[in-house]
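1. Give me coordinates for this.
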Amino acid sequence: RFRQNAVTTSICWQSRATLFSGQWASRHRSFKLKCPHFTKGEKWNQTWVGMLRKDGYHTGHIGKWQYHNNDMPKRWDFHHGFEGRHWYNHDRKMFTGDELASHSALEFLQQRPKDKPFSLSIAFYPPKPVGSSRDPGAQWKPRNETRAMYDNVTIPEPYNHTDSYSRLPSYLHTSKTGAERRWYERYRSPEHYQEAMKNVYALITQVDHACKEIVDELKKQDIY
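-> Residues are numbered from 1 along each chain as shown. Prediction:
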């Protein structure tokens, strides 16, 4: 089990390339969303997915990917990609991202060849924010019943935002930077902070529940 994790390039898609290739960003050079160099030609065969599949593993990937490849299904034996939202219309029903990931994982586990080892990666999109709303907490959309768990909770602030902000370099105080705009939209007032964090915690709770469903299926199959 992974008990410690660190990244040298704290950008999601570049870290994803590192996770699959085992290489520094300076080596895999997949810096842009539509330039996944680590997936091209023989390079993909050197990822852990390519090597496991070559050795007879039944492989799958569910959820977030970001690199916009149009050949994703052929890279795994099972692939269900979706990202960018907290809610999805699937088969004329609305599902949260965590529900869709859990349902897809159970499908993979229940339908996999029982005579092969397997590998499944699940990339949850929540609790990443969606959109650019300035309304308190509006960039996170958990289920109402999960959000209700935090209605009467006050989330403590980890530090003094105003003091920390004042210590930043002057060029980070301008609204022209993406970091400043996002901070203003999400956390600029106590109400914004509380609503944001409660929605984040609710989304994490939903991901926890999805993970429990997956682990329960593994236990049911006596492989956990």
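
2. now for the helix or strand containing I204, which elements pack on it?
-> If you go by DSSP states H and E, I204 is part of helix 190-220. The contact analysis (3 or more C-beta pairs under 8 Å, 6 or more residues apart in numbering; DSSP states H and E) places helix 190-220 against helix 97-111, helix 144-147, helix 178-187. Any C-beta I mention is one placed from the backbone N, CA and C, and that applies to glycine too.

3. That helix to helix 178-187, inter-axis angle?
-> 90 degrees (axes from the mean of the first three to the mean of the last three C-alpha atoms, to 10 degrees).

4. and the lowest-mean-pLDDT helix or strand in the chain, how far from the chain's centre?
-> Ranking every helix and strand in the chain by mean pLDDT, DSSP states H and E puts helix 161-166 at the bottom, with a mean of 78. In terms of C-alpha atoms, centre = their mean, to the nearest Å, the centre of helix 161-166 is found 29 Å from the chain centre.

5. just stretch 182-193 next, same as before
-> Centre to centre, stretch against its chain (C-alpha atoms, centre = their mean), the figure for stretch 182-193 is 22 Å.

6. coming back round to it: make a markdown table out of the helices and strands packed on helix 190-220 and add distance to T59.
-> Formatted as a markdown table, the helices and strands packed on helix 190-220 follow (distance: least, C-beta to C-beta, whole Å):
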| stretch | distance to T59 |
| --- | --- |
| helix 97-111 | 10 |
| helix 144-147 | 31 |
| helix 178-187 | 35 |
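
7. of these, which approaches C35 most closely?
-> With C-beta to C-beta as the measure, helix 178-187 is the member of those nearest C35 (20.4 Å).

8. Now do the buried residues in the closest one.
-> 180, 183, 185-187 (16 or more other C-beta atoms under 10 Å).

9. any idea of the mean pLDDT in it?
-> Helix 178-187 shows a mean pLDDT of 88.

10. And for it, what's in contact with it?
-> For helix 178-187, contacts defined as C-beta atoms under 8 Å, 6 or more residues apart in numbering pick out 129, 132-134, 139, 161, 172-175, 192-193, 196.

11. quick one: that helix to chain centroid distance?
-> With C-alpha atoms, centre = their mean, you get 20 Å for helix 178-187.

12. And for stretch 87-104?
-> Distance, centroid of stretch 87-104 to centroid of chain: 15 Å (C-alpha atoms, centre = their mean).

13. How far does that stretch stretch from one end to the other?
-> Separation of the first and last residues of stretch 87-104 by C-alpha to C-alpha, to the nearest Å is 15 Å.

14. Return the set of buried residues in that stretch.
-> Per 16+ other C-beta under 10 Å, stretch 87-104 contains these buried residues: 88, 95-104.

15. same question, stretch 143-151
-> 143, 146-147, 150.

16. Out of these, flag the one nearest to R167.
-> Distances from R167 to these, taken by C-beta to C-beta, are shortest for Y150, at 30.2 Å.
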